[in-house]
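S.K.: My questions concern the predicted model and sequence given below.
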Amino acid sequence: MALRLVLLGPPGVGKGTVAKMLAGTLGLPHVSTGDLFREAVAGGTRLGGLAKGYMDRGELVPDELVIKMLLERFGELGDGGFILDGFPRTLPQAKALDEALSDNELSLDRAVYFEAAEDVIIDRLSGRRICRNCGAIYHVRNMRPAVEGVCDECGGELYQRSDDRPEAIKVRLKEHAKRAGPLLDYYASRGLLVKVGAEADAETTLARLEAALGLGEPA
Ligand code: AMP
């Protein structure tokens, strides 16, 4: 299905988990700018070197760098639809995406905003663990792997992101709060914004998302 979606919302709201599930169901590419930056850091590339300090502090990487990185991969998104996760995070990023789409005579279908209370988000971020190998997402209480510290999907080692520690979490939530309003107004004014409650488990949130997109029944 050629659906072009951006997923918005605070860090830790569950965008990545639900994005992976929906991408699997619909057979769409899932592109997470956070994952792309983490790959660049792990690979020791120039881009990774430029982004690392911002990421470790929980700050946003400057628009210029993020937009350049995304547009370089734009071809991979294809005309067949995509799920963008963690991009855009600022108004200039949203505008750059719209321009790139319209240059290719394409447009977004929906901008989905995931909502959850701050205490839920902080709990999710501080308990989150990621597979170093395949990027699968776990939680120390809510989404535990069968064997502690080992990924169910690929057997990779689970680790805690350096920006999932309390100091960086505070900065990330502030960064989000500062920029969310204009971004939501931008998409609302284009009639693209839908909001999805994301406090329940991932399956329920996915069902709500599918219903909001007209793909299934409400949970
Ligand atoms: P995420 O995995 O989406 O939480 O992203 C991790 C970190 O990567 C963020 O805290 C930022 O430092 C950086 N990052 C990812 N996407 C963006 C973006 N669209 N704009 C700016 N920085 C980003």
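M.R.: Sure, I can see it.
S.K.: how about the CA coordinates for the worst-scoring helix or strand of the chain on mean pLDDT, as PDB?
M.R.: When the helices and strands of the chain are compared on mean pLDDT, DSSP states H and E, helix 74-77 comes out lowest with a mean of 78. What follows is helix 74-77, C-alpha atoms only, in PDB (Å, rounded to 0.1, in the frame of the first residue of the first chain):
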ATOM      1  CA  PHE A  74      15.200  10.100  -0.400                       C
ATOM      2  CA  GLY A  75      15.500   7.800  -3.400                       C
ATOM      3  CA  GLU A  76      15.300   4.800  -1.100                       C
ATOM      4  CA  LEU A  77      11.900   5.900   0.100                       C
END
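S.K.: So what touches that helix?
M.R.: For helix 74-77, the surrounding residues in contact (C-beta atoms under 8 Å, 6 or more residues apart in numbering) are P29, V31, L84, A100. Bear in mind the C-beta positions are built from the backbone N, C-alpha and C, glycine included.
S.K.: next one: stretch 130-144
M.R.: Stretch 130-144 is contacted by residues 16-17, 20, 35, 124, 127-129, 145, 151-161, 201-202 when judged by C-beta under 8 Å, 6+ apart.
S.K.: let's go with 10 Å and repeat that
M.R.: With C-beta atoms under 10 Å, 6 or more residues apart in numbering as the test, stretch 130-144 has contacts from 14, 16-17, 20, 30, 32, 34-35, 38-39, 42, 123-129, 145, 148-161, 164, 201-202.
S.K.: Check the gap between D103 and F74 for me.
M.R.: Applying C-beta to C-beta, to the nearest Å, the value for D103 to F74 is 9 Å.
S.K.: I meant to write L209 there.
M.R.: L209 sits 24 Å away from F74, taking C-beta to C-beta as the criterion.
S.K.: looking at it, L183 is touching L97, isn't it?
M.R.: No: applying C-beta atoms under 10 Å, one finds L183 not in contact with L97, separated by 11.2 Å.
S.K.: which residues do those two both contact?
M.R.: The contact sets of L183 and L97 overlap at V6, P88 (C-beta under 10 Å, 6+ apart).
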